[in-house]
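Trainee: Build me a model from this:
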Amino acid sequence: MDCDVPVDDYCNARQDNNIEIPENIHSTDHFFIVFEVDTTYPRSRSNNNNNNQEEEEDFEEDEFVRVENKDSFWVRCPRTEHENLSRDTISDMLTQAGVPIHKQDFMVDVISDCADDIANSAFNDGVRVLPMLVSVSTVACFCYRDEII
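Mentor: Numbers count the residues shown, from 1 in each chain. Take a look at the predicted model:
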């Protein structure tokens with residue numbers, strides 16, 4: 001699978017008051033963000049001939065490797081109207097959670113919008129810890145495969 005082949009990557013971010021939050025040691029408002037990342041990587045197959053070149057065949061289900069990753073982060077929340085999480089901070093968290101950088105653009109927008117909604121919700125007035133769950137599902141391309149598998 002090449003980088004220019006479109007796939008249906010998925011990202012959803014929402015407030016989740018059922019997240020188990022560790023003790024808050026911060027004196028300012030913070031997001032506690034849990035990332036659940038499900039990434040599917042194509043597995044290359046090789047010919048059994050002497051030059052050992054990759055086959056160019058259609059993929060079947062067993063030719064993919066699925067990796068699940070869960071990470072959590074504490075991030076300060078300034079409680080501003082916009083940009084409660086910077087694009088760089090969101091990208092850093094996505095990268096640490098295993099999302100390839102070239103897949104992140106729309107995900108950063110989804111997470112940023114959710115962070116602003118949570119930070120500005122009247123429901124969260126006076127709440128010091130703002131819990132957010134981010135669910136991501138991606139299909140990685142061959143250019144990323146060698147870094148993981």
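
Trainee: Do a quick rundown of the strands in the chain.
Mentor: 10-15, 30-42, 64-76, 129-139 (DSSP state E).

Trainee: So for residue 23, which of these sits nearest?
Mentor: Closest of the strands of the chain to residue 23 is strand 129-139, at 9.9 Å (criterion: C-beta to C-beta). C-beta here means a position set from N, CA and C on the backbone, and glycine is covered the same way.

Trainee: Could you tell me which strands sit next to the closest one in the sheet, and their orientation?
Mentor: strand 10-15 (antiparallel), strand 30-42 (parallel) (DSSP bridges).

Trainee: Ranked by average pLDDT, which of those strands falls at the bottom?
Mentor: Mean pLDDT is lowest for strand 30-42 among the strands paired with strand 129-139, at a mean of 93.

Trainee: before we move on, the earlier item: rebuild the strands of the chain as CSV, extending it with mean neighbour count and distance to residue 90.
Mentor: What follows is the strands of the chain, written out as CSV (neighbours: other C-beta atoms under 10 Å; distance: least, C-beta to C-beta, whole Å):
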stretch, mean neighbour count, distance to residue 90
strand 10-15, 17, 10
strand 30-42, 20, 9
strand 64-76, 14, 9
strand 129-139, 21, 9
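
Trainee: for this structure, what are the low-confidence residue spans?
Mentor: Low-confidence segments of the chain, defined by pLDDT under 70: 1-6, 44-62, 142-149.

Trainee: residue ranges for the helices of this protein, please.
Mentor: Along the chain, counting by DSSP state H, helices occupy 87-96, 105-120, 142-148.

Trainee: So for residue 29, which of those sits nearest?
Mentor: Across the helices of the chain, the minimum distance to residue 29, taken as C-beta to C-beta, is reached by helix 105-120, at 7.9 Å.

Trainee: thinking again about what came up before, could you dump the strands paired with strand 129-139 into a markdown table and include distance to residue 74?
Mentor: Compiled in a markdown table, those are given as follows (distance: least, C-beta to C-beta, whole Å):
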| stretch | distance to residue 74 |
| --- | --- |
| strand 10-15 | 16 |
| strand 30-42 | 5 |
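
Trainee: Using a markdown table, please lay out the strands of the chain together with distance to residue 84.
Mentor: Below are these laid out as a markdown table (distance: least, C-beta to C-beta, whole Å):
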| stretch | distance to residue 84 |
| --- | --- |
| strand 10-15 | 12 |
| strand 30-42 | 8 |
| strand 64-76 | 9 |
| strand 129-139 | 9 |
